[in-house]
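K.L.:
Turn this into a structure:
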Amino acid sequence: MSAGELLNGADMEVTRWPARLSVLPGERLSSWLRRIGIIYGCSIDDLLRYDLKLAYLKASELDMKVSDELLKVLSIRTGISAAAIKKMTYPATVPFLISGTPSDRANFRQCSVFREPSNGRQVKLSQWMRWFCRESKHRVVGCRLCLADYPNAAVKLPWALSVVMSCPSHGVMLETAEIDRWSVKFSNQVKDAPALVCGLDRRTWEAVTTGFVQLPGGSVYAGQWFRLLHAIFEELNAALIENDQSKWQLSVWREAGYFPSFDRPEPFKFDKSCAALIAVAIDQLEKGIISPNGTHASLFRKPVS
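P.N.:
So this is what the prediction gives:
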């Protein structure tokens, strides 16, 4: 059956696509469908409109909003379970980062790493953390080495997270790229990633792809990992008070090369550069350079035998 016959629905008895395409590790749903479309000589939009009969869906929104109808028809077409297909989307892998409801925010703020809960935090962040990068249909953040075989290469789920700065597999920083159906173009030169950044990103990758993260003090599920990251950022971003309990804060800031003003209530807003600050904080905690008393600080320390 030709691609034209497939897309025009000439043979409606066919329920399974004749060609099978395996999902690559960490791949997004939109990336997988783009690669399927290449096999049949069509775009994702054409695949949705003419074969799947779901013209109301937008390719650019598939990774964030996936309908049960799409999951059902894709399962029929590919023989892959709807649950496995859904795992290629953010609602399935990191649902707690998407809704941002008041209850979600409250749950995130029940974590503490550096400050004792009884001390409280000096400042509550005024906005829900922006966990996702600003991407578009023609603009993504990715690893140029992972995408070297594009368009056959996969665009991966963790790349869109603002806390992810590097590719742990290749040890290079992620870059913004212009992307279309057939090509991807990077405007900058490849840069090696600091070991601390790769270490943090490796754990976040583990959270997204397996649902768990192994820390020195034990295993935590993905939701708790992101709560810990949120807590560390919020604690680092609190107004600085010049006392013994703030020595850890100054230590992290100085190691990261950041020297904020003492009278600023919120030293910085969250972006990818803040992920490096979080990486420094975790490294100093794990090495024993700082010894905070937060409820969950023990997760970053090896148990004493």
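
K.L.:
Please enumerate the strands of the stretch 1-150 of the chain.
P.N.:
Here the stretch 1-150 of the chain has its strands, by DSSP state E, counting those that start in this stretch, at 139-142.

K.L.:
so the closest residue in space to residue 218 that isn't next to it in sequence, which of the three states?
P.N.:
Once flanking residues are discounted, residue 218 sits nearest to residue 299: 6.4 Å by Cβ to Cβ, 6 or more residues apart in numbering. C-betas here are computed from N, CA, C, even on glycine. Local secondary structure at residue 299 is given as helix here, using DSSP: H, G, I helix; E, B strand; the rest coil.

K.L.:
Now for residue 299, how many residues are close by?
P.N.:
21 (other Cβ atoms under 10 Å).

K.L.:
Just to check, it is in contact with residue 213?
P.N.:
No - Residue 299 is beyond contact range of residue 213, at 9.5 Å (criterion: Cβ atoms under 8 Å).

K.L.:
Which residue ranges of this structure form helices?
P.N.:
For the chain, the helices defined by DSSP state H occupy 3-8, 29-39, 44-46, 68-78, 82-86, 90-93, 102-108, 195-210, 222-236, 247-255, 272-286.

K.L.:
Pull the residues that contact the longest one.
P.N.:
For helix 195-210, the external contacting residues (Cβ atoms under 8 Å, 6 or more residues apart in numbering) are 25-26, 93-94, 157-158, 161, 163-168, 171, 173, 193, 212-215, 222, 225-226, 229, 275-276, 278-280, 282-283.

K.L.:
isn't residue 155 right next to residue 141, touching?
P.N.:
No - applying Cβ under 8 Å, one finds residue 155 not in contact with residue 141, separated by 9.5 Å.

K.L.:
if I pick residue 62, what's in contact with it?
P.N.:
28-30, 33, 44, 70, 89.

K.L.:
Now flag whichever of those residues is closest to residue 147.
P.N.:
Taking Cβ to Cβ as the measure, residue 28 is the one of those closest to residue 147, at 12.6 Å.

K.L.:
Tell me the spacing between the closest residue to the closest one other than its chain neighbours and residue 201.
P.N.:
Excluding the flanking residues, the one nearest residue 28 by Cβ to Cβ, 6+ apart is residue 63, at 4.8 Å. Using Cβ to Cβ, to the nearest Å, residue 63 is found at 19 Å from residue 201.

K.L.:
With neighbour numbers in mind, choose between the two.
P.N.:
Between residue 63 and residue 201, counted using other Cβ under 10 Å, residue 201 has the larger neighbour count: 25 against 21.

K.L.:
how close does that one get to residue 80?
P.N.:
With distances taken as Cβ to Cβ, residue 201 is found 28 Å from residue 80.

K.L.:
for residue 170, same thing?
P.N.:
28 Å.

K.L.:
more neighbours, the two?
P.N.:
residue 80 (19 against 16).

K.L.:
is it true that that one touches residue 74?
P.N.:
Yes - counting by Cβ under 8 Å, residue 80 touches residue 74, with 7.3 Å between them.

K.L.:
contacting residues around residue 98?
P.N.:
Here residue 98 is in contact with 64, 90-91 (criterion: Cβ under 8 Å, 6+ apart).

K.L.:
rewinding a little: narrow the contacts of helix 195-210 to just the buried residues.
P.N.:
26, 93-94, 157-158, 161, 163-168, 171, 173, 193, 213, 215, 222, 225-226, 229, 275-276, 278-280, 282-283 (16 or more other Cβ atoms under 10 Å).

K.L.:
May I have the predicted confidence score for the residue nearest to residue 218?
P.N.:
Residue 299 carries a pLDDT score of 93 in this model.

K.L.:
returning to what we had before: more neighbours: which of residue 155 and residue 141?
P.N.:
Neighbours were counted for residue 155 and for residue 141 using other Cβ under 10 Å; residue 155 has more, 27 against 20.

K.L.:
quick one on the thing from earlier: give the buried subset of the contacts of residue 98 as a ChimeraX selection command.
P.N.:
Command for ChimeraX that selects the buried part of these, burial taken from 16+ other Cβ under 10 Å:
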select :90
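
K.L.:
Now distance to residue 114 and pLDDT too, for the contacts of residue 98, in a markdown table please.
P.N.:
Below are those laid out as a markdown table (distance: Cβ to Cβ, whole Å; pLDDT from 0 to 100):
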| residue | distance to residue 114 | pLDDT |
| --- | --- | --- |
| 64 | 32 | 92 |
| 90 | 28 | 94 |
| 91 | 31 | 93 |
